[in-house]
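Visitor: I'll drop the sequence and a predicted model, then ask my questions.
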Amino acid sequence: MVAGHLTKRNGYYYAVLSYYDPDGKRHFKTFSTGLKVVSGNYRKAEEMLQRFRTEFFTPTCVNAMHSDMPFTEYMLKWLEIVKIRIKPTTFASYKSIVEKKINPYFAKSHKSLVDLKPGDIQAFYIEELKSIKPNSVIREHAVIHQALKYAYKIGLVKDNVAARVDRPRKNAYEHHFLNGEELECVFKAVRGTKFELPVLTAAFYGLRRGEVLGLKWDAIDFDNCTLTVKHTIVETNTDGKNMIIRQDSGKTKASSRTLPLVGKFREYFAAVKKAQEDNKRICGNCYNYDYDGYIFVDEMGNLIRPDYLSCQFPKFLAKHGLEKIRFHDLRHSCASLLVASGVPLKSVQEWLGHSDFNTTANIYTHLDFSAKITSSLAMERHLELPDSDFSSPWEANKDGDSADLKNEKKLA
């Protein structure tokens, strides 16, 4: 078990683990506990520290790697190494792809790492495309490519054979948008339910599911009327167990953004805050303080789980006779309304927290018809088109000849 200790940062407990790599160099890895530095949380933070120490893998297995080892065994050891430098959610995704897709296929051929050929990987993609979509195969390709890139880096193979494989073409996903009237119907249906404020927040601010459920009270500035997106909640499945991962960061650097707390949202959040304080007082020791500080918890302090929101929201809509949409489609609907209102795509990008303008443009450019109207009007103002009778030069006359042909006959 690696060494570790607790530290305090910005009013929260963090677990700091220390370990040595095969070359004897010391490294540190910090994990957020999500627990505030308040009475009663130190013991919980200590328990989380011990769990982090137990579950943490050091990259010592690099010494056990060799070129002739089975490709499937290499993939498992690569997972142990890459675990220390990627987010837990990303690791869970990698692990699932390796254990459920890549290794079961390549275990049949007993290929060694050094004997792996581009054709072997290409055959795997062809087989996968019989049952899953191209985008899923592209994710599998990304895992294999990264794993073999590391093998090349440490000298186990002469080149990255995955770089010489044609990955499938990405299949286009048709995003679903609700207009203003349709969103109003959704708002009426969720009124007074546990879905109400998460739905309103996602639809108005265009937040992702993890950004909505990750909102904490320290993100709401009631004095300056702002909402800051700086915490996220993600649910992953690791070794058959569903785990809630709390992160004090957004999906990307651009995801961390501050937005105005407009309209009735100040009232909404103030009412929820008061209700939480009442629940704590009424429930006493029965209240779950593990998620203290989060906005979207139930009466007993239990966090609303991301998977619950994704599964139950479409069912709720269907039950009320409304079109079934994903919770994430509320974010797309927000963007489509902004574009329809003439908001520039650059501003839409900042509102949604996209790190790359191209992401916004690729999804929503087809909605930005107002910009094309503006362009056409600009051309019309600066470039005067002459009056013309388009039928006269080309239309055949009574003799069956065009005007130009008739002139040619006269000249002859």
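Guide: Great, that's in hand. Residues are numbered from 1 along each chain as shown.
Visitor: which element is Val234 on?
Guide: Val234 is part of strand 232-238 when elements are defined by DSSP states H and E.
Visitor: Helices of the stretch 101-250 of the chain, residue ranges please.
Guide: 103-106, 118-128, 134-153, 180-190, 196-205, 209-213 (DSSP state H, counting those that start in this stretch).
Visitor: make that the stretch 301-412 of the chain, sorry
Guide: Going by DSSP H, counting those that start in this stretch, the stretch 301-412 of the chain shows helices at 306-319, 329-340, 345-352, 357-364, 369-382, 391-394, 403-411.
Visitor: Adding distance to Phe91, mean neighbour count and mean pLDDT, write the helices of the stretch 101-250 of the chain out as a markdown table.
Guide: Quick note: C-beta positions are derived from backbone N, CA and C, even for glycine. Shown next, in a markdown table, are those (distance: least, C-beta to C-beta, whole Å; neighbours: other C-beta atoms under 10 Å; pLDDT from 0 to 100):
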| stretch | distance to Phe91 | mean neighbour count | mean pLDDT |
| --- | --- | --- | --- |
| helix 103-106 | 16 | 15 | 96 |
| helix 118-128 | 21 | 16 | 96 |
| helix 134-153 | 11 | 18 | 94 |
| helix 180-190 | 34 | 15 | 91 |
| helix 196-205 | 27 | 21 | 92 |
| helix 209-213 | 16 | 25 | 93 |
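Visitor: In contact with the residue nearest to Arg167 when sequence neighbours are not counted, which residues are there?
Guide: Among residues not flanking Arg167 along the chain, His141 sits closest, at 4.5 Å (C-beta to C-beta, 6 or more residues apart in numbering). His141 sits next to 121, 125, 162, 165, 167 when contact means C-beta atoms under 8 Å, 6 or more residues apart in numbering.
Visitor: Output the below-cut-off pLDDT ranges for the stretch 201-350 of the chain.
Guide: Counting by pLDDT under 70, the ranges of the stretch 201-350 of the chain that qualify are 238-240, 249-254.
Visitor: Can you give me every residue that contacts the spatially closest residue to Ala162 that is not a sequence neighbour?
Guide: Nearest in space to Ala162, with sequence neighbours left out and distances taken as C-beta to C-beta, 6+ apart, is His145 at 4.2 Å. His145 makes contact with 160, 162-163, according to C-beta under 8 Å, 6+ apart.
Visitor: Check which helices and strands the strand or helix carrying Ile97 is in contact with.
Guide: Using DSSP H and E, Ile97 falls within helix 88-97. Counting by 3 or more C-beta pairs under 8 Å, 6 or more residues apart in numbering; DSSP states H and E, the packing neighbours recorded for helix 88-97 are helix 71-82, helix 134-153, strand 232-238, strand 241-247.
Visitor: Let's see that with 7 Å instead.
Guide: When contacts are defined as 3 or more C-beta pairs under 7 Å, 6 or more residues apart in numbering; DSSP states H and E, helix 88-97 packs onto helix 71-82, helix 134-153, strand 232-238.
Visitor: could these go into a markdown table alongside distance to Pro88?
Guide: Shown next, in a markdown table, are the helices and strands packed on helix 88-97 (distance: least, C-beta to C-beta, whole Å):
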| stretch | distance to Pro88 |
| --- | --- |
| helix 71-82 | 12 |
| helix 134-153 | 16 |
| strand 232-238 | 7 |
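Visitor: For burial, what's the neighbour tally of the closest residue to Gly180 other than its chain neighbours?
Guide: Leaving aside its sequence neighbours, Gly180 sits nearest to Leu337 (C-beta to C-beta, 6+ apart; 6.4 Å). Neighbourhood size, Leu337 [other C-beta atoms under 10 Å]: 20.
Visitor: Same question for Gln349.
Guide: By other C-beta under 10 Å, 20 other residues sit near Gln349.
Visitor: got it, and Lys101?
Guide: A count of nearby residues for Lys101, using other C-beta under 10 Å, gives 19.
Visitor: For Arg209, see how far away it is.
Guide: The gap separating Lys101 from Arg209 is 25 Å, by C-beta to C-beta, to the nearest Å.
Visitor: for Lys319, same thing?
Guide: Lys319 is 20 Å from Arg209, where distance means C-beta to C-beta.
Visitor: can you check Met65 too?
Guide: To Arg209, Met65 is 38 Å away according to C-beta to C-beta.
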